[in-house]
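Participant: The sequence isn't on hand, but the structure is:
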């Protein structure tokens, strides 16, 4: 793959030449690469068909975002100069958020205890939900965490139900991003 700079004959060129070289436009300029080889007689695998469907969904999501001035502005504000706006939106669709840490040091089983959560996404985490189950697997409480006003990368969940038996308690945390992808982490005390 080669990047083409300051060449008036090739700059902005798109497509292929004699099915040998492919030219693409990127934010950095025009890129030239070899033509990919494909076998037209080969049937796509089930995984390839599923990926095509998922990519079609990602493309639909990108169209929705680009048509919504508020959402478009959010993505433009976080745009990486290496990527296009549409590429950033599609990547966000494919990449689920991750719950990196559930800090239970302040959780003693008392109403009002705070559980601190670190959740990360390549663009933005929009919601973090917490479920607390006792050792028998019964749901004690569930609810939404709020974003920490001091650190926008952390979330806080304040407990509402007493839990006298902490041993074996499971705290399930699920983070959701803009396209609706989820990532979760379970912590057992």
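Facilitator: Sure thing, it's come through. Here the structure is a predicted model, which is why all the values come from computation and not from measurement.
Participant: Give the rounded mean pLDDT of the helix or strand containing residue 33.
Facilitator: Here residue 33 sits within strand 29-34, counting by DSSP states H and E. For strand 29-34, the mean pLDDT works out to 74.
Participant: Which strands or helices does it pack on?
Facilitator: Counting contacts by 3 or more Cβ pairs under 8 Å, 6 or more residues apart in numbering; DSSP states H and E, strand 29-34 is packed against strand 2-4, strand 21-26. Heads up, the C-betas are built off the backbone N, CA and C, glycines and all.
Participant: Next, please give the residue ranges for the helices of the protein.
Facilitator: Using DSSP state H, the helices assigned to the chain run over residues 46-67, 69-77, 85-94.
Participant: of all the ones you listed, which lies closest to residue 128?
Facilitator: Comparison of the helices of the chain against residue 128 by Cβ to Cβ identifies helix 85-94 as nearest, at 17.1 Å.
Participant: Show me what the closest one is packed against.
Facilitator: helix 46-67, helix 69-77.
Participant: Pipe the ones you listed into CSV and attach mean pLDDT, distance to residue 114 and mean neighbour count per row.
Facilitator: Shown next, in CSV, are these (pLDDT from 0 to 100; distance: least, Cβ to Cβ, whole Å; neighbours: other Cβ atoms under 10 Å):
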stretch, mean pLDDT, distance to residue 114, mean neighbour count
helix 46-67, 94, 34, 13
helix 69-77, 91, 28, 12
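Participant: and stretch 75-89, how far apart are its ends?
Facilitator: End-to-end distance for stretch 75-89: 7 Å, by Cα to Cα, to the nearest Å.
Participant: Touching it from outside, list them.
Facilitator: Stretch 75-89 has contacts (Cβ atoms under 8 Å, 6 or more residues apart in numbering) with 26-28, 58, 61-62, 65-66, 72, 91-92, 123-124.
Participant: Please point out which parts of that stretch sit buried.
Facilitator: Within stretch 75-89, the residues that count as buried by 16 or more other Cβ atoms under 10 Å are 75, 85, 88, 89.
Participant: Could you measure from the third one over to residue 52?
Facilitator: It refers to residue 88. From residue 88 across to residue 52, the span is 21 Å (Cβ to Cβ, to the nearest Å).
Participant: cool, the second one as well?
Facilitator: For residue 85, the distance to residue 52 equals 22 Å [Cβ to Cβ].
Participant: How about the last one?
Facilitator: In this structure, residue 89 and residue 52 are separated by 18 Å, where distance is defined by Cβ to Cβ.
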